[in-house]
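Engineer: heads up, no residue letters with this:
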């Protein structure tokens, strides 16, 4: 009993020291850096956040910078051809009842290579930018993420939980994988390969310029097309439902299959539903 009491007292004492202002300040500063120079040799920028509200902006500068208001530790580190921005909450942060810290990340507007955004939790707002990227990867594990605009040759989106909202997309090749949670994409333009395992996905196509593939194994997916889209639809459902509200020029519909064309039928849309619902509008 005495040994257990001793361990409890040691644990409480350690927690007190870690939440003491002097200790927190020392831990927060340490050897961390808040900026790294963007040179021509940088090929990738990685942003990793968890349990913090984050705003990402472009600016007229030559460094990738991070500004933290509140608790925790942010580090901007260059390693070879990659700059990584990482935020971590302080040890024993479970003693606090929420994190009101705000992290602002600044990316030079001239940057045009690869960008990776990894959201562990918290709210993230990626403001509209003029960035034109080579590859843009978005991974959301939890939290609420809003991206105002994306322009990238290749786009890779993976949501395992949480919510992702993207208001404008222009890409040559896009991949969307929803395992759980919600995805809303508006004004999408480009090739699309999408997979919904669970949750809800809503994608509005601004202009059909390439093929679209959709596989729904569970959950719901809605794709909204422009009325004058030049498309050929091939949709099959082994289990689940395909609901069509799009006004095709010609259509052949069976119990579990839809074949249809509109306009010149230039771009192919393939839909495979093994369970769940697919809605075309």
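Structural biologist: Received it, and whenever you're ready, just let me know what you need. This is a predicted model, so every value here is computed, not measured.
Engineer: I'd assumed residue 57 was in a helix, is it?
Structural biologist: No. Using DSSP: H, G, I helix; E, B strand; the rest coil, the assignment for residue 57 is strand, not a helix.
Engineer: going forward, begin numbering at 72 instead of 1
Structural biologist: In the new count, where the first residue is 72, that last one comes out as residue 128.
Engineer: Identify the residue nearest it in space, chain neighbours excluded?
Structural biologist: residue 198 (5.0 Å; C-beta to C-beta, 6 or more residues apart in numbering). Where C-beta positions appear, they are placed from N, C-alpha and C, glycine not excepted.
Engineer: any idea how far that neighbour lies from residue 267?
Structural biologist: Going from residue 198 to residue 267 by C-beta to C-beta, to the nearest Å gives 28 Å.
Engineer: Look at these two and report which has more neighbours.
Structural biologist: residue 267 (26 against 12; other C-beta atoms under 10 Å).
Engineer: wouldn't that one be in contact with residue 291 here?
Structural biologist: Yes. Counting by C-beta atoms under 8 Å, residue 267 does reach residue 291; the two are 7.5 Å apart.
Engineer: so what sits against both of these two?
Structural biologist: residue 347 (C-beta atoms under 8 Å, 6 or more residues apart in numbering).
Engineer: Can you get me a residue count around residue 118?
Structural biologist: Considering only other C-beta under 10 Å, residue 118 is surrounded by 25 other residues.
Engineer: Could you do residue 156 as well?
Structural biologist: Residues near residue 156, counting by other C-beta under 10 Å: 27.
Engineer: Is it within a helix or a strand, and which one?
Structural biologist: According to DSSP states H and E, residue 156 maps onto strand 153-159.
Engineer: what's the spacing between that strand and its chain's center?
Structural biologist: 16 Å (C-alpha atoms, centre = their mean, to the nearest Å).
Engineer: Report the mean per-residue pLDDT for that strand.
Structural biologist: Average pLDDT, strand 153-159: 96.
Engineer: residues making contact with that strand?
Structural biologist: Here strand 153-159 has contacts from 107, 109, 113-121, 123, 125, 135, 137, 139, 143-149, 174, 176, using C-beta under 8 Å, 6+ apart.
Engineer: Report the next helix or strand after it in sequence order.
Structural biologist: strand 173-179.
Engineer: what residues does that following strand touch?
Structural biologist: Against strand 173-179 from outside (C-beta under 8 Å, 6+ apart): 109, 116, 118, 120, 123-141, 143, 145, 156, 158, 186, 200, 202.
Engineer: Direction included, what does it pair up with?
Structural biologist: Sheet pairing here is set by DSSP bridges, and for strand 173-179 it gives strand 124-130 (parallel), strand 134-140 (antiparallel).
Engineer: So for the last one, what gets flagged as buried?
Structural biologist: This points to strand 134-140. 134, 135, 136, 137, 139 (16 or more other C-beta atoms under 10 Å).
Engineer: will you turn those into CSV that also has distance to residue 299?
Structural biologist: As requested, these are arranged in CSV below (distance: C-beta to C-beta, whole Å):
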residue, distance to residue 299
134, 45
135, 42
136, 44
137, 45
139, 48
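Engineer: does residue 149 sit in a helix, a strand or a coil?
Structural biologist: strand.
Engineer: what pairs with the most centrally placed residue in the chain across the strands?
Structural biologist: The residue lying closest to the centre of the chain (C-alpha atoms, centre = their mean) is residue 209, at 3.6 Å. The residues listed as beta-bridge partners of residue 209 by DSSP bridges are residue 188, residue 228.
Engineer: Next: residue 154.
Structural biologist: Under the criterion used (DSSP bridges), residue 154 bridges to residue 116, residue 149.
Engineer: how close does it get to residue 147?
Structural biologist: Residue 154 is 7 Å from residue 147, by C-beta to C-beta.
Engineer: ditto for residue 209
Structural biologist: Residue 209 is 20 Å from residue 147, by C-beta to C-beta.
Engineer: How is this structure divided into domains?
Structural biologist: 72-101, 104-351 (automatic domain parsing).
Engineer: quick one, helices of the protein?
Structural biologist: Using DSSP state H, the helices of the chain run over 73-90, 92-100.
Engineer: which of those has the lowest average pLDDT?
Structural biologist: Among these, helix 92-100 carries the lowest mean pLDDT (a mean of 35).
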